[in-house]
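> What follows is a predicted protein model with its sequence.
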Amino acid sequence: MSLKEKDPVSGTDLTGHEWDGIKELDTPVPWAARWALWISIIIAALYWVFYPSFPSVRDYAKGMLGYSSRAEVATALQQADASREMTFAPFASGDIEKLAADPTLEARYGASISKLYADNCAACHRNDLKGQVGFPNLVDRHWLWSGTPEEIEATIRYGINAQHDDTRIAQMLAFGADGMIENQQVEEVTEFVLFLSGQQHDATAAEAGKLVFEENCAACHGDDGRGGYEIGAPDLGDESWIYGGDRDAIYHSIHFGRRGVMPAWDGRLSDAQIRMLTLYLLWNAEDVPS
């Protein structure tokens, strides 16, 4: 006969523990729960034996199976690289001029290359490739170093004013800020540039600015202001402006100068990726005069 006090409602033995008048029933853990606990302990012990587990000062237990999630990821990355290289094999060593003449490449690779552009170029030149203030429009066919496939590839590869031995150098001098011409002359040449680009201007000031332009600007931009591909001097007579083509923006450019930077992607991107981006620009170029 049990000497334990029983619960008057259920008739279950009580443990003798009581808290604030609440008495604990002596109901053991179900056997199913006990077996589940022991089985989980055994499974955990097996995992400790077969898989990486115990840490040490400089290393860890590799486990009897020698499994490594890091090695698994590395293998997956190698397989992905191999697959990508196979997919884009036509760009790896092909001549850019010949690739540009192949009409089938855009349909096959255009969508994939757009992701490469979005990851590396869109932050500056925007997703639509039309640029923003300080970053050129890449689809209007107005190029600083010409728009041939070879020259576009060279610009992407080596950059402009970049940290690369073969980078292209281009700088608009600060004619006003550095005292090379007087402020009045800056205003006059500003009017002349407005004249060159077909905008409203002060004809008298523009006439005076023509002489200032010939003495200080024509060496790079040419007597007619049409620029020069050899040194990356922009055409001042078209409607394409990197920093803005209104009176204030032109004045600011002449007075304070400009020195934009295009990163050199050589070493950051593979040769194939640089060629792909070159072709992507050509495929998206608008059909306007160069």
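Great, that's in hand.
> Can you give me the neighbour number for Glu97?
11 (other CB atoms under 10 Å). Quick note: C-beta positions are derived from backbone N, CA and C, even for glycine.
> any idea how far it is from Gly159?
According to CB to CB, to the nearest Å, Glu97 and Gly159 sit 21 Å apart.
> what about this structure, any weak spots by pLDDT?
1-3, 287-290 (pLDDT under 70).
> Longest strand in it, please.
Taking DSSP state E as the criterion, the chain has its longest strand at strand 14-19.
> Pull the residues that contact that one.
Applying CB atoms under 8 Å, 6 or more residues apart in numbering, the set of residues contacting strand 14-19 from outside is 4-7, 23-26.
> which of those lies closest to Gln171?
Comparing the contacts of strand 14-19 against Gln171 with CB to CB places Glu24 closest, at 85.6 Å.
> now the helices for the protein?
31-50, 69-87, 89-92, 96-100, 105-120, 122-125, 149-158, 183-196, 203-216, 218-221, 247-256, 271-284 (DSSP state H).
> Dump those helices into JSON lines; add distance to Met262 as well.
Shown next, in JSON lines, are the helices of the chain (distance: least, CB to CB, whole Å):
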{"stretch": "helix 31-50", "distance to Met262": "53"}
{"stretch": "helix 69-87", "distance to Met262": "25"}
{"stretch": "helix 89-92", "distance to Met262": "21"}
{"stretch": "helix 96-100", "distance to Met262": "18"}
{"stretch": "helix 105-120", "distance to Met262": "12"}
{"stretch": "helix 122-125", "distance to Met262": "9"}
{"stretch": "helix 149-158", "distance to Met262": "7"}
{"stretch": "helix 183-196", "distance to Met262": "23"}
{"stretch": "helix 203-216", "distance to Met262": "25"}
{"stretch": "helix 218-221", "distance to Met262": "18"}
{"stretch": "helix 247-256", "distance to Met262": "18"}
{"stretch": "helix 271-284", "distance to Met262": "12"}
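> Out of those helices, which is closest to Met172?
helix 247-256 (6.0 Å).
> And stretch 152-159, how far out from the chain middle?
How far stretch 152-159 lies from its chain's middle: 16 Å, per CA atoms, centre = their mean, to the nearest Å.
> Point out the one among the helices of the chain that comes closest to Ala233.
Across the helices of the chain, closest to Ala233 is helix 218-221 (CB to CB), at 4.1 Å.
> which residues sit in contact with Ile250?
Ile250 sits in contact with 190, 193-194, 244, where contact means CB under 8 Å, 6+ apart.
> Pull the contacting residues for Ile169.
160-161.
> ditto for the one 4 residues further on
Contacts here follow CB under 8 Å, 6+ apart; on that basis Leu173 touches 180, 257.
> which residues touch Thr12?
6, 25-27.
> burial of the closest residue to Trp241 other than its chain neighbours, as a residue count?
Nearest residue to Trp241, sequence neighbours excluded (CB to CB, 6 or more residues apart in numbering): Ala249, at 7.1 Å. Ala249 is flanked by 15 other residues according to other CB under 10 Å.
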